[in-house]
Structure formats: structure tokens, C-alpha cells
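**Student:** my questions are about this predicted structure, shown below with the sequence.
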Amino acid sequence: MTSSNLLMAIDVGNTQTQIGLFDEEVLLENWAISSSVYRTTDELGILIQELFQSKKIDIKIVNKIIISSVVPQLVSILEDMTQKYFKTKPLFVRPGIKTGITIKYDNPAEVGADRIVNAVAGFHLYKGPLIIIDYGTATTFDAISDKGEYLGGAIAPGFGITLEALTERTAKLPRVEPKMPQNVIGKNTTNSIQAGMFFGYRGLVKEILEKMKKELGPQTKIVATGGFSSIFSEEENFYDEKNTNLTLIGLRLIADLN
């Protein structure tokens with residue numbers, strides 16, 4: 001690695017934090033850690049240091065940092081950590097930052113930073129009209145016009161937390177692996193839960209995508225990202241594209257604009 005002008009992009013979700021290291025447009029490395037609000041500045045700094053060291057990367061070659069976060073408690077910790085360990089003041093994705101897209105939400109400040117970042121990357125890579133479905137702690141559906149306008153979208157409980165809620169709020173139902181069962185009529189409790197979760201959630205996704213595409217027009221592309229983005233691909237082709245690095249790419253594009 002010869003460049004000494006690298007960008008670190010950090011996307012803080014409710015469950016996971018993605019960290020990407022860019023040399024210009026090339027994503028060199030990426031990691032995922034838990035979004036723990038109990039970590040101190042030093043714990044987080046040492047953890048990221050160790051991730052860099054595992055790939056034999058000197059943190060001194062990072063001189064630009066951009067962060068999007070939907071966890072307010074972590075913002076000050078991240079800001080302190082980047083300045084202490086990377087000697088760099090980070091750029092946060094906040095209202096007023098240059099994104100290159102127009103936000104048509106009633107109150108633009110209400111839109112999660114990750115949704116805007118995804119929209120920036122999605123329109124840059126795939127143009128519009130476009131629907132981006134992001135399978136995170138919540139599953140979000142975002143609509144972008146052919147002019148690059150962020151129009152709004154829908155928010156549903158995530159696949160993972162829906163499954164957790166079912167098992168945690170019931171006394172006798174066990175935790176199960178989230179996968180498609182062979183039959184919708186389950187012959188045991190595990191298969192019954194899998195059938196209800198998989199086919200039920202697939203119905204939720206399919207219905208929202210179909211209605212959004214009807215509003216946007218038949219030429220609308222659908223792009224999926226997030227941890228569960230491949231869960232339905234075996235049976236139905238819901239998406240035109242899957243890109244698990246969409247948010248990190250959006251952060252890089254916003255950093256370039258600013």
C-alpha cells in the first residue's frame with residue numbers, strides 16, 4: 001500500500017458499524033463491529049487500531065474520515081476517538097452537508113443519515129427511478145426519482161428483530177435459524193416458525209416493492225443492501241442489483257463532494 005491519502009468511512013447502524021478504507025475509488029478493506037454504546041473512546045480507538053494492524057495498515061496514512069450514524073450516543077465518542085487516534089476531525093453526515101441530491105421529505109432533518117447515503121450511492125451507480133431496500137435493524141425502502149430526488153419511503157421492523165421479538169416474548173418458542181423451510185406447512189415448531197417468518201416477511205417485502213414500483217413507474221430498478229439482502233434471492237428475483245457496500249460507497253461520494 002503506497003498511498004498516504006486514505007479515507008476511512010464509518011457507518012454506524014443500530015446493531016452493526018461498518019468501517020471501510022478507501023484509496024480514491026477503491027475499497028481496500030472493510031470491517032463490521034457491533035454498535036455498542038458502552039464502549040469508551042479508548043476502547044473503540046484500540047479496537048479499530050487492531051483491525052488496521054491485522055491487515056498491516058498504519059493508521060497514520062488515514063487523513064480523511066467521514067461518519068454517518070443513527071445512534072446519537074456514539075457521535076461524541078466517535079468524534080473524540082478519531083481526533084485522538086487518527087489526529088483527524090471527522091466529517092459527519094448531517095443536515096446541510098452537500099450530498100448532490102434533493103431531499104423531498106416533509107422534514108429533511110428526519111431522514112436517517114444511512115438512507116440519504118444509500119440514495120447518493122444508488123443514484124450514482126444505477127440512476128433512477130430507483131428503490132433501495134436496506135435490510136438492517138429496521139428494513140427501509142427508499143425511493144429516488146429519475147432526477148436524483150430523494151422522495152421518501154417506508155420503514156418496517158427488520159427481519160432479525162422480528163424473529164427475536166417472537167422468541168423473546170413467547171415462553172415456549174425456541175430460537176431458530178432464519179432460513180426458508182421446504183414447506184409452508186411446518187411439521188415441527190422450528191419449521192413452523194421458519195415458515196411464518198420467511199413467507200410472511202417475503203410477503204411484506206414483495207407488497208411494498210410492488211406498490212412503490214407502481215408509484216414510480218415500470219422502469220424502476222430495485223437495489224438491495226444490508227445483512228439479509230440475499231435471504232429471498234434463492235426463490236424469487238426481487239432485485240435488479242445487490243450491493244452490500246452501498247452505504248460505504250455513498251460515504252465516499254459525499255466525502256468527495258465536501
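**Tutor:** Done, it's in. Numbering: from 1, shown residues only.
**Student:** C-alpha only now, for contacts and for neighbours.
**Tutor:** Will do.
**Student:** can you pull the buried residues of stretch 14-30?
**Tutor:** By neighbour count, with 16 or more other CA atoms under 10 Å as the criterion, the buried positions of stretch 14-30 are 16-23, 27, 30.
**Student:** then stretch 111-121?
**Tutor:** For stretch 111-121, by 16+ other CA under 10 Å, it's 111, 113-121.
**Student:** circling back: give me the subset of the buried residues of stretch 14-30 lying in strands.
**Tutor:** Secondary structure assignment (DSSP state E) places 16-23, 27, 30 from the buried residues of stretch 14-30 within strands.
**Student:** next, format these as TSV and append distance to residue 222 and pLDDT.
**Tutor:** As requested, these are exported to TSV (distance: CA to CA, whole Å; pLDDT from 0 to 100):
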residue	distance to residue 222	pLDDT
16	23	91
17	24	95
18	22	95
19	25	96
20	24	96
21	27	96
22	26	96
23	28	93
27	23	94
30	24	94
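**Student:** between these, which is nearest residue 205?
**Tutor:** Ranked by distance to residue 205 (CA to CA), those are led by residue 16 at 21.9 Å.
**Student:** what's the closest non-adjacent residue to that closest one?
**Tutor:** The shortest distance from residue 16 to any non-neighbouring residue, by CA to CA, 6 or more residues apart in numbering, is to residue 34 (4.5 Å).
**Student:** burial count for that neighbour?
**Tutor:** Other residues within reach of residue 34, judged by other CA atoms under 10 Å, total 12.
**Student:** list the contacts for it?
**Tutor:** If a contact means CA atoms under 8 Å, 6 or more residues apart in numbering, then residue 34 has 15-17 as its contacts.
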